[in-house]
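Asker: show me how the following folds:
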Amino acid sequence: LYVLRFLAEEQTVLNNFDSMNPGFMRNLTYGVLPVFKDWRFTPLSHIDGNIIFGVSPNYWVIGWFCVMKQIICLYLMYRCFYFVSKSKRIYLVALMNLVPAVFSVNNIVFPEQNIIITVLLSLIGLDKYQKTQKPRWLLIFLLSMNFAIYTKETIILFYAAYGLYLLAEAFITGRITLKKLKKPWLLITEFPVEFLLFVS
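Answerer: Numbering: from 1, shown residues only. This next block holds a predicted model:
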């Protein structure tokens, strides 16, 4: 359905409001400048746009690139919800794909697919790290999380809330005590995820 909807739509800059401006047409030729401004700091928001614009400014190529990214999103969602039965997971992923906010994102000007991919990768990396304690999964979590943060700054709220949840859970279960708070440098090795969340 996602592909059929994509094929049925306009495959030019007239596809949506955001692409119908001189800035986007200039980006097709020269690429997208990273955003370093006082009101916005999203240097990685259009990194995939720069890559695909470097390959081709053809709107069909760009569209199929977005379809491939959507397939990656769905696969990562399927992997992330491994604790749900396979049949329910397939239904869940299908429903997520049909949500209007997701179903209508078929254009390179939206960084939402990049955010979904990197957030899911970070959660998968975190889950694997908590199970195996292997540093490579912690590195995948760290890199994916920072890629998500620098793609759209509002993602900071998601990771901040998650970090607060982890800290609250550690206080409630007694893993963090007042005695340990007097030596915070020792907590870094005991709580590397929380420390990396704070530093990021």
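Asker: geometric centre of this protein: which residue is closest?
Answerer: Residue closest to the mean C-alpha point of the chain, counted by CA atoms, centre = their mean, is Ile115 at 2.4 Å.
Asker: helices or strands next to the helix or strand encompassing it in the packing?
Answerer: Secondary structure assigned from DSSP states H and E places Ile115 in helix 112-132. Where contact means 3 or more CB pairs under 8 Å, 6 or more residues apart in numbering; DSSP states H and E, helix 112-132 is packed against helix 59-80, helix 135-149, helix 155-172, helix 192-199. Just so you know, the C-beta spots here come from the backbone N, C-alpha and C atoms, and that holds for glycine as well.
Asker: so which of those is the most surrounded?
Answerer: helix 135-149 (a mean of 19; mean count of other CB atoms under 10 Å).
Asker: and of the helices and strands packed on helix 112-132, who's closest to Asp38?
Answerer: Judged by CB to CB, the one of the helices and strands packed on helix 112-132 that comes nearest to Asp38 is helix 155-172, at 16.4 Å.
Asker: distance check, the most far-flung residue of the chain relative to its centre against Phe83.
Answerer: Relative to the centre of the chain, and counting by CA atoms, centre = their mean, the farthest-placed residue is Lys179 at 37.1 Å. Using CB to CB, to the nearest Å, one obtains 35 Å as the distance from Lys179 to Phe83.
Asker: ok so, going back, my guess is the residue farthest from the centre of the chain is in a helix, correct?
Answerer: Yes: assignment of Lys179 by DSSP: H, G, I helix; E, B strand; the rest coil places it within a helix.
Asker: so how far is Thr154 from the nearest residue to Pro34 once chain neighbours are set aside?
Answerer: With CB to CB, 6 or more residues apart in numbering as the criterion, Pro34 has its nearest non-adjacent residue at 3.7 Å, and that residue is Pro43. From Pro43 across to Thr154, the span is 15 Å (CB to CB).
Asker: those two: who's more crowded?
Answerer: It is Pro43, of Pro43 and Thr154, that has more neighbours when counted by other CB atoms under 10 Å, with 13 against 10.
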